[in-house]
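K.L.:
Got a predicted structure here, sequence first:
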Amino acid sequence: MAVEIDTSAFTEEAYELLSELEDSLLELEERPTDVELISRVFRAMHTIKGSGAMFGFDEVAKFTHEVETVFDMARSGSLPVTKALIDLTLAARDQIRSILDASRGGPPANQDNANRIIAGLRALAPQKGGGAAVAAESKASAPKADVEGPHVYRVRFEPRPEIFSSGTNPLLLLNELRDMGQCRVVALTNALPSLEDLDPERCYTQWEIFLTTSQGENAIRDVFIFVEDDCTLNVRLLDRDEIQEEAEPKKLGEILLERGDITEDALGKALTPLGDRLVSSGVVPADKVRAALTEQRVVQEQKQQQSKAAEVDAVVRVPSTKLDKLVNLVGELVTVQARLNQISGRLNNQNLQLVAEEIERLTAELRDNTMSIRMLAIGSTFNKFKRLVRDLSTELGKQIELTTAGADTELDKTVIDQLNDPLVHIIRNSIDHGIEKPDVRALTGKPLVGQIHLSAVHSGTSVLIQVKDDGKGLDPQLLRRKAVEKGLLSPDAVLSDSEAFMLIFGAGFSTAEKITNVSGRGVGMDVVRKSIESLRGTIDVQSALGLGTTITLKLPLTLAIIEGLLVGVNHDFFVLPLAAVEECVELSPKDIANSHGRRIVNVRGEIVPFIRIRERFAMEGERPVIEQIVIANVDGRRVGFGVDTVIGQHQTVIKNLGDSFQYSDEFSGATILGDGTVALLLDLARMVRYVEMQETKETGGA
Amino acid sequence: MAKTIMTVDDSSSVRQMVGLTLKGEGYQVVEAVDGKDALGKVSGATIDMVITDLNMPNMDGITLIRELRKLPAFKFTPIVMLTTESQAERKQEGKDAGATGWIVKPFKPEQLIGVIKKVLG
Amino acid sequence: MIDFSVDDTGATGALILSGPLTIQHALPLKEALLRIGAEIKHVSVNLEQVSSLDLTALQLLCSAHRDWVKKGKKITREGTVPDIVNRVVREAGFAGCVGGEDAIGLWTGASN
């Protein structure tokens, strides 16, 4: 085997593709008409097949080819996406996997199984059976799964000037579009230089094409498949309203405006007999007006019924670094704006105040808009867990149904990215330790099928993500005992139930009677806590023995800006994440006297320990007579933080501390206040843990 | 006037399949067994399009594409690569060398014709 | 083939284009068009024998046409415009390419 390395390159790629394939299939189960998803599935299989054949994985290639053939019919719309199709394709996906596994020394793949899958798939395909792919592949003749009839698309095709040197003739692509339906082509030649400066071997022309076709956007994009990297392509489904309301087709000016060819201002200047005046005043090049006129005409002509929901927004892909930069700038702006507010408040100049208020409003809007760009729906993360639950429960002989809610809840992309692993651990844990086997459930009178409910919901500036199971629940007594056994808890420690529940997130803690390969390696839940903390989130566990467990993750919507509580100690400022803060109480000298030197405060009869920030960071200065204690929820219990003054809510733009501060992990960042002062953002959970460690050491030594 | 297409592949079965398909569509066909053979056969001939395999002895397809693009007569000629490797990087390599497009093997005659229509008209 | 000649007065030029006007011929076409210098007040264009053309030729002709219109040259057409030219102009969406009047009938589709 001279190509050993190459085959491993293939298998690695194939495994990756298979997991993508799985995600897409599960998503497709929810949105069976999503054309983009269907072609994603198709593409994944196509690539596996192609590279499989190349790398000598004939069995993979052959098998995948069969599956692909049937799925291609779904792509071309001649076969509906049904649960049966998805089930079989998922099974096929697993079969491919086991063929690959076999090539790596795993058990041989089951050929009967393969035959069964193929037979099942063929049975789904309409009449023609095995050879059906021929009809499906030829793009032009195969209408997309689109029952609503033709749509009008506006295609903006902007080839790179060098496009000819790849042997591409862009005019042929235009002709290909013509074959798809009724087509109007408008060349935009305003970039054409004067003859002297014109390089005859470069392309200066761009096009707007108005295509009325019953094929989908993908078919349009397919035309440009070879020049994907050599052009900018923008395909937009012209919205229904423009077409439907024949009474009022869009005015030329509106179209130009909407297309971004002209500003409102310039439009205002040029009003009335528009087209000519725009051109002669040089506001818009002639061919842009022509393109807009064509749009007006095409849209007027096309009076088919279509739903507004079908509107596809033009999507611009932007590297996330650019967004990060934008977020940073907005952060700076928020800081400066706070400063402006402070100054204008001091100067008491009414005009200045008006402007400052306006800027405040705009900044807030800009901030919200910017943040919303980074927001993604959590749904795709949720979808991944369906397979996890499906497979793990089978493996463990359990019956579990996963339900989800709030899949469209939006969260910052960074948060979503980092949320996957913790959720996997929590759900695995529920499957493994939470939900009982069917026979056990039968004995306790529960429905045989266990439920795991995954939900996301907005709550102020936070998102609550909940994993709720109806399993056996957590036993606080057992947890305490285990923790003591493992030396994680001193035998005389007094813990409330909710504190005991939090023990499952401790390092090296696992209560599984025997360690399964699903969870119970005793690392998982510890990782969960760390990840959530690094996201500035909190964890809450509710559990009722025998009835189930609910783990709630409370996460900030974004990592860039948080709502904080600004406090003062001496002449310095600190910020506590407002999401964790529960209340503020005063600590009088009398309270201190009553507590006999221990750092505790009595809050309506409840004894709450507290940490004095001044002491913790060895800060100078006298304690005020009456101290403020900010009570926060840290890891499920209430802890106070003693400060001099509570200043108030503060919108905190988080700046990372430089590398030189890498050891100061009790701070999770810094922020700049309106007057330019720096305030440190406290990592409450870490602080509490360090203080506890210190105290254990001290008392342990005594 | 019939257009001439050159097919470059070390596999005779592929050349045959491509050749038959093209002739059926009325194209003239010139065959070459590898990159070197192809370069030898292009001088003097009028070739309207090239379809080349990527993995071939003597001179692989990517090198052939690069060499052809250096020739004034092939500066803008459509060149399509036949590939079983649908990985992005190999395709990209070919595109960077100057290929117009690609066809993933195995393909059906109508797919081949579709691609020719796309790049040659 | 690109044939350009100037008459005795030196003010009238005749541009006769024939055969394929594709990207391989783009450089000579540009050079020929550039030769129509300031001294030429009247250009007559003959496209009758053009057998094929592509986007590069359209771009060159469009750009030259604009320059000529801008410089106030008089442009006329000799002979008919072959269907192939009209078709490519239409397919490329160049119809009505220039704001000014189209004396050679290239952009509006010539009546043959």
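P.N.:
It's in.

K.L.:
Spell out the secondary structure type for the closest residue to chain C within chain B.
P.N.:
Of all residues in chain B, B:Phe76 sits closest to chain C, at 4.8 Å by CB to the nearest CB. For glycine as for every other residue, the C-beta is placed from the backbone atoms N, C-alpha and C. Secondary structure, DSSP: H, G, I helix; E, B strand; the rest coil: B:Phe76 is coil.

K.L.:
ranges for the strands of chain C?
P.N.:
Taking DSSP state E, the strands of chain C run over residues C:2-6, C:12-21, C:42-53, C:74-78.

K.L.:
Of all the residues in the last one, which ones are buried?
P.N.:
Right, the one you point to is strand C:74-78. Judged by neighbour count using 16 or more other CB atoms under 10 Å in any protein chain shown, the buried positions of strand C:74-78 are C:Ile75, C:Arg77.

K.L.:
just how off-centre is that strand within its chain?
P.N.:
Relative to its chain's centre, strand C:74-78 lies at 9 Å (CA atoms, centre = their mean, to the nearest Å).

K.L.:
so where's the stretch 401-550 of chain A uncertain?
P.N.:
For the stretch 401-550 of chain A, the stretches with pLDDT under 70 are A:460-461, A:507-508, A:510-524.

K.L.:
could you redo the last one with a cut-off of 80?
P.N.:
Applying pLDDT under 80 to the stretch 401-550 of chain A flags residues A:414, A:458-462, A:486-488, A:493, A:506-527, A:536.

K.L.:
Please work out how many residues are found near the residue in it that chain B sits nearest to.
P.N.:
Distances between the stretch 401-550 of chain A and chain B by CB to the nearest CB are smallest at A:Asp417, namely 22.5 Å. Applying other CB atoms under 10 Å in any protein chain shown, we find 12 residues neighbouring A:Asp417.

K.L.:
so it sits in a helix?
P.N.:
Yes - A:Asp417: assigned to a helix according to three-state DSSP.

K.L.:
what about it, distance to A:Gly216?
P.N.:
30 Å (CB to CB, to the nearest Å).

K.L.:
again, but for A:Lys468
P.N.:
39 Å.

K.L.:
got the strands of chain C as TSV, with distance to B:Val115 and mean pLDDT columns?
P.N.:
As requested, the strands of chain C are exported to TSV (distance: least, CB to CB, whole Å; pLDDT from 0 to 100):
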stretch	distance to B:Val115	mean pLDDT
strand C:2-6	33	81
strand C:12-21	23	89
strand C:42-53	21	88
strand C:74-78	38	84
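
K.L.:
of all the ones you listed, which lies closest to chain B?
P.N.:
Taking those one by one with CB to the nearest CB, strand C:42-53 is closest: 9.5 Å.

K.L.:
elements contacting that closest one?
P.N.:
strand C:12-21, strand C:74-78, helix C:83-91 (3 or more CB pairs under 8 Å, 6 or more residues apart in numbering or on different chains; DSSP states H and E).

K.L.:
That strand: which residues count as buried?
P.N.:
C:Val43, C:Ser44, C:Val45, C:Asn46, C:Leu47, C:Glu48, C:Val50, C:Leu53.

K.L.:
surely the second one meets C:Lys74?
P.N.:
No - with contact defined as CB atoms under 8 Å, C:Ser44 does not reach C:Lys74; the gap is 9.0 Å.

K.L.:
got a list of what the residue of chain C found nearest chain B touches?
P.N.:
Closest to chain B within chain C is C:Ile23: 4.8 Å, counting by CB to the nearest CB. Residues near C:Ile23 by CB atoms under 8 Å, 6 or more residues apart in numbering or on different chains: A:Phe164, A:Pro200, A:Glu201, B:Lys75, B:Phe76, C:Asp54, C:Thr56.

K.L.:
How many residues are close by the closest residue to the second one other than its chain neighbours?
P.N.:
Counting by CB to CB, 6 or more residues apart in numbering or on different chains, the nearest residue to A:Pro200 once its immediate chain neighbours are dropped is C:Ala26, at 3.5 Å. The number of residues packed around C:Ala26, counting by other CB under 10 Å, is 23.

K.L.:
What does the pLDDT read for C:Ala26?
P.N.:
The model reports C:Ala26 with a pLDDT of 91.

K.L.:
pLDDT score for A:Ile373?
P.N.:
We have a pLDDT of 82 for A:Ile373.

K.L.:
now swap in the one 4 residues further on and tell me
P.N.:
You'll see A:Ala377 listed with a pLDDT of 83.

K.L.:
and it, how far is that from A:Phe505?
P.N.:
Counting by CB to CB - A:Ala377 and A:Phe505 are separated by 27 Å.

K.L.:
Same question for A:Gly120.
P.N.:
Distance from A:Gly120 to A:Phe505, by CB to CB: 44 Å.

K.L.:
Looking at those two, which one has more neighbours?
P.N.:
Using other CB under 10 Å as the criterion, A:Gly120 and A:Phe505 rank with A:Phe505 on top: 22 against 17.

K.L.:
Nearest the middle, which residue of chain B would you pick?
P.N.:
By CA atoms, centre = their mean, chain B has its centre lying nearest to B:Ile51, at 1.2 Å.

K.L.:
Contacts only, for it.
P.N.:
Taking CB under 8 Å, 6+ apart as the contact definition, B:Ile51 lies against B:Ile5, B:Met6, B:Thr7, B:Val8, B:Val18, B:Ile79, B:Val80, B:Met81, B:Leu82, B:Ile103, B:Leu112.

K.L.:
quick revisit: could you report the pLDDT at the residue of chain C closest to chain B?
P.N.:
Looking at C:Ile23, its pLDDT is 91.

K.L.:
again, but for A:Arg297
P.N.:
pLDDT, read off for A:Arg297, is 62.

K.L.:
next helix or strand past the worst-scoring helix or strand of chain A on mean pLDDT?
P.N.:
Scoring the helices and strands of chain A by mean pLDDT, DSSP states H and E places helix A:133-137 at the bottom, with a mean of 35. Following helix A:133-137 in sequence order, the next helix or strand is strand A:151-159 (DSSP states H and E).

K.L.:
ok, and what's touching the helix or strand that that next one is followed by?
P.N.:
Next helix or strand after strand A:151-159 toward the C-terminus (DSSP H and E): helix A:170-178. Helix A:170-178 is contacted by residues A:155, A:157, A:159, A:163, A:183, A:185, A:203, A:205, A:207, A:209, A:211, A:220, A:223-224, A:227, B:117-121, C:54-55, C:88, C:91-93 when judged by CB under 8 Å, 6+ apart.

K.L.:
Narrow those residues to just the buried residues.
P.N.:
A:155, A:157, A:159, A:163, A:183, A:185, A:203, A:205, A:207, A:209, A:211, A:220, A:223-224, A:227, B:118-120, C:54-55, C:88, C:91-93.

K.L.:
From A:Gln651, how far out is the closest residue to chain C within the stretch 401-550 of chain A?
P.N.:
Chain C sits closest to A:Lys413 of the stretch 401-550 of chain A, with a gap of 39.3 Å, by CB to the nearest CB. Using CB to CB, A:Lys413 is found at 21 Å from A:Gln651.

K.L.:
cool, B:Lys105 as well?
P.N.:
Distance from B:Lys105 to A:Gln651, by CB to CB: 58 Å.

K.L.:
residue boundaries of the strands in chain B?
P.N.:
B:4-8, B:28-32, B:49-53, B:79-83, B:101-104.

K.L.:
Of all these, which one is nearest A:Glu586?
P.N.:
strand B:101-104 (73.7 Å; CB to CB).
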